[in-house]
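>>> Mind looking at a prediction? Sequence and model below.
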2 protein chains.
Amino acid sequence: MSVDLNTAQALKLWHGVALALVQDDEPDLSLRQVSILLTIYLEAPPHTVRDLARKLGVSKPVITRALDSMGKVELVSRRRDEKDRRNVLVQRTVKGALYLERLADTIGNLARRL
Amino acid sequence: MSVDLNTAQALKLWHGVALALVQDDEPDLSLRQVSILLTIYLEAPPHTVRDLARKLGVSKPVITRALDSMGKVELVSRRRDEKDRRNVLVQRTVKGALYLERLADTIGNLARRL
DNA sequence: CAAATCTGATACGGACCCGTAACAATCCGT
DNA sequence: ACGGATTGTTACGGGTCCGTATCAGATTTG
């Protein structure tokens, strides 16, 4: 199930998606924010702030702030870990799932048009 | 030559590329900046500030500032249009071509691993 | 039980980006 | 040749993000 993309196709795909994201009305998520969002939705839970920071190679405040801003628009949610109340568990939301579904559609449609 | 990506594949691809861009040492380009860069490299010249602003659906200062910052790291260059000296022609550079070549490699490699 | 450790959050100073509005330079029409 | 249009840039006020350093709360360790 491997997908082959030559240089021009890869760039055209990236161009199309970037353009679509810039032009739609949603507020642009930064590269770091989408990385976090996709990690939460694609990898198995639990997801803590510390884990996410390590996976992305950024400082913890970056994660805290990204969760603040994405939480404000309900793309993710936070909950205390009752087993170890120092931890915060980052969780998925309906809005987050819908957002990523639309993103996947955008990518898929552009890829088909290559 | 169409490329088919299902939902999970599209998201995994986007996740991998976003992660790679966040983790590498290069300073992150914003979504708008890559859009500009890719437009310049994929579409036929000439490219003026006004054209780019219209294509991206953003204000002209966004383009000017993006060209300032990308010009500082030599990803693009500017030149006055001698035919109509009001216009600025945005041009490609060697560094910009190399940057996009590497981006395409990243995308292509991740796609193949799907 | 007290000290060391670990967690996520916050304060701070600096950098960047945004859109609106104003600007100088250039071209064009009359 | 001169007033009106057009182009790219800059000034401004406001917002967001960054990393470092620091913090309070929870847990583990001795």
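Ah, there it is.

>>> For the rest of this, base every contact and every neighbour count on C-alpha atoms.
OK.

>>> Show me the residue of chain A that gets nearest to DNA strand C, please.
For chain A and DNA strand C, the shortest gap (CA to the nearest atom of the strand) falls at A:Arg50, measuring 3.4 Å.

>>> distance of that residue from A:Lys83?
16 Å (CA to CA, to the nearest Å).

>>> neighbour count winner among the two?
Applying other CA atoms under 10 Å in any protein chain shown to A:Arg50 and A:Lys83 shows that A:Arg50 carries more neighbours, namely 16 against 7.

>>> Put the alpha carbons of the helix or strand encompassing that one into PDB.
In the assignment (DSSP states H and E), A:Arg50 maps to helix A:49-56. The C-alpha coordinates for helix A:49-56 follow below in PDB (Å, rounded to 0.1, in the frame of the first residue of the first chain):
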ATOM      1  CA  VAL A  49       2.300  17.400  28.000                       C
ATOM      2  CA  ARG A  50       5.700  16.000  28.700                       C
ATOM      3  CA  ASP A  51       5.400  13.200  26.100                       C
ATOM      4  CA  LEU A  52       4.200  15.600  23.400                       C
ATOM      5  CA  ALA A  53       7.000  18.000  24.100                       C
ATOM      6  CA  ARG A  54       9.500  15.200  23.800                       C
ATOM      7  CA  LYS A  55       8.000  13.800  20.600                       C
ATOM      8  CA  LEU A  56       8.000  17.200  18.900                       C
END
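
>>> where along chain A do the strands fall?
Ranges of strands in chain A, per DSSP state E, are A:76-80, A:88-92.
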